[in-house]
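K.L.:
pasting the structure only:
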């Protein structure tokens, strides 16, 4: 076993995953190589956290705590689950508004048709003439030589 | 007979309900479905928290907080990623925040060793590799000392070291979980190992000097 192989096996040795033969070769290498021996001792200082199989404490009450806490947040969940329903409501309200606006526009276009501008102008001319006929030809209202009209 | 077979089949299919099905049920308001998800993934979440913190109470709190956060954000979960990986990203970020919050100066940590810790250091210095492995399994202070040593690292360095060496996560996975570049992950991992080796050498040589007196 060389130094590279030995250092690659640190973790497997720590976890007792090496075969008996390989373990013997590993230990024999560390006995002969002070560099790898020192490196393994350094490795051993943090291996209990970094390389050991950590057994979860597995407290039963932990799960119960999670369940309770989640149940306590249920209203928030209900809010989330009702969100799609609210989305449908707002979408149908918007559709109804568009429909109403469409109907109103159609109604206005039928009851008050907007004609050609020339037609409108030509229709306005005869409306002036009867007014002129009714009152006769236009004469000046007051002249200086005829007085003010109140004395006679 | 057929009825029994059907019952067994029903129970079996209920037992192996996929995560996604449980997620859908939880989203529809069934708390029991989320509790089932939590019990399924609790072991891995707890293990990960214990790699970062020696304080069991703190680890338990973080486990609970992780599940609450997962529950609150369940709607944002997308099935393209396995639920376990999504949950792990939540745990990683919570632990990272906690590490940054609790960060202390290294000199406060490595210095005063308890008697059992000194015994353990002596054993590491003098015993055979096989004796060291056997002893570590039994000694709680081996675990505590390892945590103290890891506490000397910056949160970034420790995070990368644990995820890479303990959780066997790929550089790309770590980068994605922490929102870092892959280059940053590699640099941090290298730096962390170097610092840790120096700290370990310092501790063991100090113990040798102390034993020689």
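P.N.:
On my side now, so go ahead. On a predicted model such as this, the values are computed, not experimentally measured, just so you know. Numbers count the residues shown, from 1 in each chain, chains lettered A, B, ... in the order given.
K.L.:
residue boundaries of the helices in chain B?
P.N.:
B:2-15, B:19-27, B:31-52, B:56-72, B:83-101, B:106-109, B:115-126, B:129-138, B:140-151, B:155-161, B:171-178, B:182-212 (DSSP state H).
K.L.:
of all those, which lies closest to residue A:7?
P.N.:
helix B:182-212 (11.8 Å; Cβ to Cβ). In short, each C-beta sits where N, CA and C put it, glycine included.
K.L.:
okay, buried residues for the closest one please.
P.N.:
Neighbour-count burial for helix B:182-212, counted by 16 or more other Cβ atoms under 10 Å in any protein chain shown, picks out B:184-185, B:188-189, B:191-193, B:195-197, B:199-200, B:203-204, B:207.
K.L.:
look up how far residue A:95 lies from residue B:103.
P.N.:
Relative to residue A:95, residue B:103 is positioned 56 Å away (Cβ to Cβ, to the nearest Å).
K.L.:
between those two, who's got more neighbours?
P.N.:
Per other Cβ atoms under 10 Å in any protein chain shown, whichever of residue B:103 and residue A:95 has more neighbours is residue B:103, with 13 against 10.
K.L.:
and the closest residue to residue B:40 other than its chain neighbours, how many residues sit next to it?
P.N.:
Closest residue to residue B:40 apart from its sequence neighbours, by Cβ to Cβ, 6 or more residues apart in numbering or on different chains: residue B:19 at 7.4 Å. The tally of other residues near residue B:19 (other Cβ under 10 Å) stands at 18.
K.L.:
next one, pLDDT for residue B:19 please.
P.N.:
Among the per-residue scores, residue B:19 holds a pLDDT of 80.
K.L.:
state the distance from it to chain A.
P.N.:
Distance of residue B:19 to chain A, given as Cβ to the nearest Cβ, to the nearest Å: 16 Å.
K.L.:
who's in contact with that residue?
P.N.:
B:37, B:40, B:82-84 (Cβ atoms under 8 Å, 6 or more residues apart in numbering or on different chains).
K.L.:
in ChimeraX, select just the buried ones from these.
P.N.:
The following ChimeraX command selects only the buried members of these, with burial defined by 16+ other Cβ under 10 Å:
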select /B:37,83
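K.L.:
where does pLDDT dip in chain A?
P.N.:
A:54-87, A:110-152 (pLDDT under 70).
K.L.:
please repeat the previous calculation with a cut-off of 80.
P.N.:
Scanning chain A with the threshold set as pLDDT under 80 gives A:52-90, A:108-152.
K.L.:
ditto for chain B
P.N.:
Looking at chain B by pLDDT under 80, you get B:1-17, B:29-31, B:79, B:103-113, B:137-140, B:203-213.
K.L.:
domain parsing for it?
P.N.:
Chain B is divided into the following domains under automatic domain parsing: B:17-102, B:105-213.
K.L.:
would you reformat these as TSV and include distance to residue A:5?
P.N.:
Compiled in TSV, these are given as follows (distance: least, Cβ to Cβ, whole Å):
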stretch	distance to residue A:5
domain B:17-102	27
domain B:105-213	15
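K.L.:
apart from its chain neighbours, what residue comes closest to residue B:79?
P.N.:
In space, residue B:79 is closest to residue B:20, 5.6 Å off (Cβ to Cβ, 6+ apart).
K.L.:
quick one: the one you found and residue B:81 touch, right?
P.N.:
No - if you go by Cβ atoms under 8 Å, residue B:20 and residue B:81 don't touch, sitting 11.2 Å apart.
K.L.:
quick one: closest of the domains of chain B to residue A:48.
P.N.:
The closest of the domains of chain B to residue A:48 is domain B:105-213. By Cβ to Cβ, the value is 4.5 Å.
K.L.:
one step back: quick check, nearest of the contacts of residue B:19 to residue B:124?
P.N.:
Nearest member of these to residue B:124, counting by Cβ to Cβ, is residue B:84, at 34.8 Å.
K.L.:
how much space between the spatially closest residue to that closest one that is not a sequence neighbour and chain A?
P.N.:
Closest residue to residue B:84 apart from its sequence neighbours, by Cβ to Cβ, 6+ apart: residue B:41 at 5.9 Å. Distance of residue B:41 to chain A, computed by Cβ to the nearest Cβ: 11 Å.
K.L.:
how near is residue B:41 to residue B:22?
P.N.:
Using Cβ to Cβ, residue B:41 is found at 10 Å from residue B:22.
K.L.:
quick one on the thing from earlier: next up, the contacts around the residue nearest to residue B:84.
P.N.:
Contacts of residue B:41 (Cβ under 8 Å, 6+ apart): B:83-84, B:87.
K.L.:
between those residues, which is closest to chain A?
P.N.:
Distance to chain A across these (Cβ to the nearest Cβ) is lowest for residue B:87, with 12.4 Å.
K.L.:
measure how buried that closest one is and give me the count.
P.N.:
With other Cβ under 10 Å as criterion, residue B:87 counts 24.
K.L.:
that one contacts residue B:71, doesn't it?
P.N.:
No - contact criterion Cβ under 8 Å: residue B:87 and residue B:71 do not qualify, at 10.6 Å.
K.L.:
can I see the domain layout of chain A?
P.N.:
Taken from automatic domain parsing, chain A resolves into A:3-50, A:60-111.
K.L.:
tell me the most buried of these?
P.N.:
Of all those, domain A:3-50 has the most neighbours on average by mean count of other Cβ atoms under 10 Å in any protein chain shown, namely a mean of 17.
K.L.:
follow-up on the earlier one: okay, the domains of chain A in JSON lines with distance to chain B next?
P.N.:
Formatted as JSON lines, those follow (distance: least, Cβ to the nearest Cβ, whole Å):
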{"stretch": "domain A:3-50", "distance to chain B": "4"}
{"stretch": "domain A:60-111", "distance to chain B": "5"}
